[in-house]
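Student: no sequence for this one, just the structure:
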């Protein structure tokens, strides 16, 4: 190899190493979690900030099971469990659960959330996936042993889906459980 060829190869290595260093430093800085002083103590970036959806999460989610669910952190408002002493009576639980955790025109989801708050009770809300699918997209749901787009409980509309997602988030933040439910609710 000629001196010019060695010099070109050496220059390429230096440039590659420099590019790698810049990429690593940029990646570390971007993942540091620091927003700087510009947004400290303000919601949404301060006066004049655009109103709208918040920034996308920066962390990579930790998938659970088949990957259709992700761990998003510890759930707020969970009771602190303590080991019972010998002979101590265990706590009493009243189970109040209902299916149909969808917020439609009947507004049952929000109603039962208010009941839970009034009586300091947590609940388990069972969500049917079809409540998150608009009527005009119902053919995307292809249940076993039934035709595509078929459900015994129906589908939601766009506003109902928004309200359901809002209620789900609120219910989870209030310390309630969210359970899954058979989608089409076919009986027999």
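Tutor: Everything's here; your move. Small disclaimer: the values here were computed from a predicted structure and weren't measured. Numbers count the residues shown, from 1 in each chain.
Student: now the helices for this protein?
Tutor: Per DSSP state H, the chain carries helices over the ranges 3-30, 108-118, 158-173.
Student: in the last one, which residues are buried?
Tutor: Taking 16 or more other Cβ atoms under 10 Å as the basis for neighbour counts, the residues of helix 158-173 that come out buried are 160-161, 163-164, 167-168, 171-172. Any C-beta I mention is one placed from the backbone N, CA and C, and that applies to glycine too.
Student: residue 139: which of those is nearest?
Tutor: residue 161 (16.4 Å; Cβ to Cβ).
Student: test my guess that the closest one contacts residue 129.
Tutor: No. Between residue 161 and residue 129 there is no contact under Cβ atoms under 8 Å: 11.3 Å.
Student: which stretches in the protein count as strands?
Tutor: Using DSSP state E, the strands of the chain run over 62-64, 69-71, 97-99, 124-128, 177-181.
Student: show residues contacting the second one.
Tutor: For strand 69-71, the external contacting residues (Cβ atoms under 8 Å, 6 or more residues apart in numbering) are 61-64.
Student: same check, this time on the fourth one
Tutor: Contacting residues not belonging to strand 124-128 are listed as 95, 97-102, 109, 112, 153, 164, 168, 171, 176-185 [Cβ under 8 Å, 6+ apart].
Student: and the gap between residue 63 and residue 141?
Tutor: Distance of residue 63 to residue 141, computed by Cβ to Cβ, to the nearest Å: 23 Å.
Student: of those two, who's got more company?
Tutor: residue 141 (17 against 11; other Cβ atoms under 10 Å).
Student: is it true that the more buried one touches residue 185?
Tutor: No. Look at residue 141 against residue 185 with Cβ under 8 Å: they stay out of range, at 11.8 Å.
Student: any common contacting residues for the two?
Tutor: Contacts common to residue 141 and residue 185, judged by Cβ under 8 Å, 6+ apart, are 130, 151.
Student: for residue 59, phi and psi?
Tutor: Note on residue 59: backbone dihedrals following degrees, to the nearest 10 are phi -80, psi 150.
Student: going forward, the N-terminal residue is numbered 26.
Tutor: Got it, the first residue is 26 from now on, which makes the last one we talked about residue 84.
Student: read off the pLDDT value for it.
Tutor: What the model reports for residue 84 is a pLDDT of 75.
Student: and residue 27, by the same measure?
Tutor: 57.
Student: ok, so what distance separates residue 104 from residue 147?
Tutor: For residue 104, the distance to residue 147 - Cβ to Cβ - is 8 Å.
Student: that should have said residue 121, apologies.
Tutor: 9 Å.
Student: for the two, indicate the residue with more neighbours.
Tutor: The neighbour count for residue 121 versus residue 147, taken as other Cβ under 10 Å, is higher for residue 147 (16 against 13).
Student: does the more buried one touch residue 199 like I think?
Tutor: Yes. If you go by Cβ under 8 Å, residue 147 and residue 199 touch, sitting 7.3 Å apart.
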